[in-house]
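Enquirer: sequence first, then the predicted structure:
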Amino acid sequence: MGIPIELHITFILLLMLVYYLWGIGGFILYVFLFTSVVLHELGHSYVAKKYGVYIEKILLLPIGGMAMMDRIPKEGEFKIAIAGPAVSIILGILFLGLSNFMDFNILKIDNMVYPLFMTVGVLNFMLGIFNLLPAFPMDGGRILRALISHKVGYIKATKIASTIGQYLSFIMLGFGIISLNIILILIALFIYYGASQEYSALLAYDVFNKIKVKDIMSKNIVSVSPEDSVKDLVDLMFKYKYLGYPVIKNGKLVGSVSFDDITNVDENILVKDIMTPPVIVPEHMDLNDLLLKINNSETVYVVDNNELKGIISKTDVIRILKLLGLKNNYK
Ligand code: ZN
């Protein structure tokens, strides 16, 4: 599907630990289990791609896999969410069926024998069922949100699925502490964190959506001409202390120069020889989209009707995010 699959370093360390503790049998089981996890994530990804979602990569961590998507479209959320558990349950059925005909007793822990296919089948079943729990951050949380959001609204639906996730984590934590099960305690903490994250991410998204580029751009435009030299630019930087400047020719934005472009450059070189193509955004773009744009460049230029209206630097954005945090504290 053209999606890179990455193994996080902690995943590989755990693989080594499993090999150390349970030998080659544990190693093989681990590989089968995480191949199943990849197939689960590919299930989500396959459906998501049909909705035009861009999937950056699938990342494998010791706690499971993650398909990193740029967004989850509301109209496709139900199908995208259910595809993963569906793959796991089908794999569960296939492996359990297969174990009726052939299996390998590769692993023995505390005198318990774990046949490979049967264990992989049971684990896939558990993975599928666990992920159908109607709570964030499990897939079931998304399924629940998709089912109830047209009745109670998207934000309320998210709040409900997050709250169920938090209660679920308290119950698991209780059982974990009573039975002194460290894995259960870790999963409980992971769920609590994930459930809270999902809700605050949505709130932030909602706030950011209302903030437009034109509200935060700086209208003080200090520009340079393509024929200016690097020396002129350095003088300007000392005077205004900005790190990025638009290059204007005949009233049109033709390039961008920043502090990074002039390090190790002779002072007689002209701006036009070192300028880079400007990153342009429209006035009405919201903060969510701006954050994606400004990720790769120090400065973005606000252009409407071919006219440069304002400039936004990374520092401006960080300042806005800090102020929004402050506003949140005093609500
Ligand atoms: Zn999933």
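Expert: Good, I have the coordinates.
Enquirer: at the contact with the ion, which residues of the stretch 101-250 of the chain appear?
Expert: Proximity of the stretch 101-250 of the chain to the ion (Cβ under 5 Å from the ion) is limited to residues residue 139. Where C-beta positions appear, they are placed from N, C-alpha and C, glycine not excepted.
Enquirer: tell me where the stretch 101-250 of the chain has strands.
Expert: Applying DSSP state E, counting those that start in this stretch to the stretch 101-250 of the chain gives strands spanning 105-109, 112-115, 244-249.
Enquirer: got those strands as JSON lines, with mean neighbour count and mean pLDDT columns?
Expert: Shown next, in JSON lines, are these (neighbours: other Cβ atoms under 10 Å; pLDDT from 0 to 100):
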{"stretch": "strand 105-109", "mean neighbour count": "15", "mean pLDDT": "75"}
{"stretch": "strand 112-115", "mean neighbour count": "14", "mean pLDDT": "79"}
{"stretch": "strand 244-249", "mean neighbour count": "20", "mean pLDDT": "88"}
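Enquirer: for these, which one sits closest to residue 8?
Expert: strand 105-109 (24.0 Å; Cβ to Cβ).
Enquirer: please save the CA atoms from the closest one in PDB.
Expert: Presented in PDB, the C-alpha positions along strand 105-109 are these (Å, rounded to 0.1, in the frame of the first residue of the first chain):
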ATOM      1  CA  ASN A 105       4.600 -26.600  20.800                       C
ATOM      2  CA  ILE A 106       7.300 -24.000  20.600                       C
ATOM      3  CA  LEU A 107       7.000 -22.400  23.900                       C
ATOM      4  CA  LYS A 108       6.800 -23.600  27.500                       C
ATOM      5  CA  ILE A 109       6.500 -21.200  30.400                       C
END
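Enquirer: could you list every helix and strand in contact with it?
Expert: Using 3 or more Cβ pairs under 8 Å, 6 or more residues apart in numbering; DSSP states H and E, the elements in contact with strand 105-109 are helix 9-50, strand 112-115, helix 116-131.
Enquirer: check which helix or strand covers the closest residue to the ion within the chain.
Expert: Using Cβ to the ion, the single residue of the chain nearest to the ion is residue 84, 3.1 Å away. Using DSSP states H and E, the element containing residue 84 is helix 77-101.
Enquirer: give me the helices and strands touching that helix, please.
Expert: The contact analysis (3+ Cβ pairs under 8 Å, 6+ apart) places helix 77-101 against helix 9-50, helix 116-131, helix 139-152.
Enquirer: any chance of the ones you listed in a markdown table, with mean pLDDT and mean neighbour count too?
Expert: Listed next are the helices and strands packed on helix 77-101 as a markdown table, based on pLDDT from 0 to 100; neighbours: other Cβ atoms under 10 Å:
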| stretch | mean pLDDT | mean neighbour count |
| --- | --- | --- |
| helix 9-50 | 89 | 17 |
| helix 116-131 | 91 | 19 |
| helix 139-152 | 89 | 20 |
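Enquirer: closest to residue 78 out of these?
Expert: Per Cβ to Cβ, nearest to residue 78 of those: helix 139-152, 3.7 Å.
Enquirer: what lies in contact with the closest one?
Expert: With contact meaning Cβ atoms under 8 Å, 6 or more residues apart in numbering, helix 139-152 is reached by 44, 72, 74, 77-78, 80-82, 84-85, 131-136, 154, 156-158, 160-162, 164-165, 195, 198.
Enquirer: which of those residues are buried?
Expert: Buried members of the contacts of helix 139-152, scored by 16 or more other Cβ atoms under 10 Å, are 44, 77-78, 80-82, 84-85, 131-136, 154, 157-158, 160-162, 164-165, 195, 198.
Enquirer: quick one, helices of the stretch 201-331 of the chain?
Expert: 213-216, 230-240, 259-262, 271-274, 287-294, 314-329 (DSSP state H, counting those that start in this stretch).
Enquirer: mean pLDDT for the ones you listed: which is lowest?
Expert: Looking at the helices of the stretch 201-331 of the chain, the lowest mean pLDDT belongs to helix 314-329 (a mean of 75).
Enquirer: the helices of the stretch 201-331 of the chain: which one's closest to residue 49?
Expert: The nearest among those, by Cβ to Cβ, is helix 287-294 at 19.2 Å.
Enquirer: what are the buried residues along the closest one?
Expert: For helix 287-294, the neighbour count (16+ other Cβ under 10 Å) marks 287, 290, 293-294 as buried.
Enquirer: residue contacts, the residue nearest to the spatial centre of the chain?
Expert: Among the residues of the chain, the one closest to the centroid is residue 68, at 5.1 Å (Cα atoms, centre = their mean). Residues in contact with residue 68 (Cβ under 8 Å, 6+ apart) are 55-59.
Enquirer: same check on residue 17?
Expert: Taking Cβ under 8 Å, 6+ apart, one finds nothing in contact with residue 17.
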